[in-house]
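A.B. asks: Coordinates for the following, if possible.
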Amino acid sequence: MEDRVRIQRENLLNLTFADDTFDYVLCWGVLMHIPDVTKALSELMRVVKPGGTIIISEGNMHSPQAVILKALKLALGREKATVKKTTAGMEYWKIDDKDALVTRQADIGWLLETFKNSGFTLKKRVAGQLTEVYTMVSSPSLKRLIHGLNNFWFRHIRNPHLSYGNILILQKQPTPEERMNGSIAKRRQQQSKYSR
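C.D. replies: Modelled structure (predicted):
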């Protein structure tokens, strides 16, 4: 397996890989922490081969969890982050003397439109977990109950529009020029088969 897998650290805003390098790219819960999400997306899209697949998992700003928690924190005065609505989603910035951390709940519609405008087709949108509220409770019984609800949701209901976790499976479409070159190459292969 060592000859097939290489692990290295990369900057998502400036990947060192050539264009059209990978058949598959997986980005799981990373974009939510990247301030320049548009640049990160363009880098991910750049390194996927035509016909290749990108799989992304992000939090959904329109989920009941996101909407209810935002309203509760606002009403109770408990929001400690600076909240900014952007085209990419709802951003929560925590800034201290040394660092700044962003956590974004994505506008999934914007994300899908961004991919579509860059030549990607949505193959599947899958419900991840309904809620991450289990991270906010300390009771083991309550955590088990929430995990049970998430498992039920994932197995039986599967509605990604209401889920906090959304998994997007997208395919990069070849450009018209790449399609033309591909069909020319196929014809040449067929002709060489018949000319033997």
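
A.B. asks: Just the buried positions in whatever helix or strand residue 44 lives in, please.
C.D. replies: Element membership for residue 44, per DSSP states H and E: helix 37-47. Buried residues in helix 37-47, counting neighbours by 16 or more other C-beta atoms under 10 Å, are found at 37, 40-41, 43-45, 47. (C-beta placed from N, C-alpha, C; glycine too.)

A.B. asks: Provide the contact partners of it at residue level.
C.D. replies: Outside helix 37-47, the residues that touch it by C-beta atoms under 8 Å, 6 or more residues apart in numbering are 12-15, 17-22, 25, 27, 30-31, 34, 54, 88, 104, 111, 114-115, 118-120, 172.

A.B. asks: Endpoint to endpoint, stretch 93-112 covers what distance?
C.D. replies: 24 Å (C-alpha to C-alpha, to the nearest Å).

A.B. asks: Specify the beta-bridge partners of the nearest residue to residue 48 once chain neighbours are set aside.
C.D. replies: In space, residue 48 comes closest to residue 172 once its chain neighbours are excluded; the distance is 4.8 Å by C-beta to C-beta, 6 or more residues apart in numbering. Legend: beta-bridge partners of residue 172 under DSSP bridges are residue 120.

A.B. asks: where along the chain do the strands fall?
C.D. replies: In the chain, the strands defined using DSSP state E lie at 22-28, 48-59, 82-86, 89-95, 100-106, 120-127, 165-172.

A.B. asks: Those strands into JSON lines, with extra columns for mean neighbour count and mean pLDDT?
C.D. replies: JSON lines is the format used below for those (neighbours: other C-beta atoms under 10 Å; pLDDT from 0 to 100):
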{"stretch": "strand 22-28", "mean neighbour count": "14", "mean pLDDT": "96"}
{"stretch": "strand 48-59", "mean neighbour count": "19", "mean pLDDT": "97"}
{"stretch": "strand 82-86", "mean neighbour count": "12", "mean pLDDT": "94"}
{"stretch": "strand 89-95", "mean neighbour count": "17", "mean pLDDT": "94"}
{"stretch": "strand 100-106", "mean neighbour count": "18", "mean pLDDT": "94"}
{"stretch": "strand 120-127", "mean neighbour count": "15", "mean pLDDT": "96"}
{"stretch": "strand 165-172", "mean neighbour count": "20", "mean pLDDT": "97"}
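
A.B. asks: and residue 157, which of those is closest to it?
C.D. replies: Among these, the nearest to residue 157 by C-beta to C-beta is strand 120-127 (7.2 Å).

A.B. asks: Contacts made by the closest one with the rest, please.
C.D. replies: Strand 120-127 is contacted from outside by 45, 53-54, 108, 112, 115-116, 153-154, 157-160, 162-163, 165-173, using C-beta under 8 Å, 6+ apart.

A.B. asks: Give the burial count for residue 69, as a bare number.
C.D. replies: Look at residue 69: counted by other C-beta atoms under 10 Å, it has 19 neighbours.

A.B. asks: my bad, should have said residue 80
C.D. replies: Residue 80 sits with 8 neighbouring residues when counted by other C-beta under 10 Å.
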